[in-house]
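J.: sequence? don't have it. structure:
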C-alpha cells in the first residue's frame, strides 16, 4: 500500500512536506523519513481513502447522481 506521510514541523511557520511512501499493511507507521531522517507522521485520510483522479461521486458510482454532485452539488 501507499501511505501519505508529512513532516512534523520543528517550529511555527516551518513548511510541512508530504510524501507518499510504499509499505506493507502490517508494517508499523514510520516516525522518520527513510532517506532524509526527518521526523514524519502518517496522515489519516478517513473512510474514502486516497484515490487519484476520482471524486466522491465517481467513487460511489454517482458521477453527478442523486446527492446532487456536480453543478447543483452537495459535494
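T.: Right, received. Where do you want to start? Everything numeric in this text was worked out from a predicted model, so none of it was measured.
J.: any regions of this protein where pLDDT drops low?
T.: For the chain, applying pLDDT under 70 flags the ranges 47-75.
J.: where do the helices of it begin and end?
T.: 56-59 (DSSP state H).
J.: strands of that one, start to end?
T.: 2-7, 18-22, 40-42 (DSSP state E).
J.: same list (those strands) but as CSV, adding distance to residue 29.
T.: Where you see a C-beta, it was placed from the backbone N, CA and C, and this is true even at glycine. Below are these laid out as CSV (distance: least, C-beta to C-beta, whole Å):
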stretch, distance to residue 29
strand 2-7, 8
strand 18-22, 10
strand 40-42, 4
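J.: mean neighbour count and distance to residue 31 added to those, as CSV?
T.: Formatted as CSV, the strands of the chain follow (neighbours: other C-beta atoms under 10 Å; distance: least, C-beta to C-beta, whole Å):
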stretch, mean neighbour count, distance to residue 31
strand 2-7, 15, 10
strand 18-22, 12, 12
strand 40-42, 16, 7
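J.: closest one to residue 28 among the ones you listed?
T.: strand 40-42 (9.7 Å; C-beta to C-beta).
J.: partner strands of the closest one and their direction?
T.: strand 2-7 (antiparallel) (DSSP bridges).
J.: residue 32: which of the strands of the chain is closest?
T.: strand 40-42 (6.4 Å).
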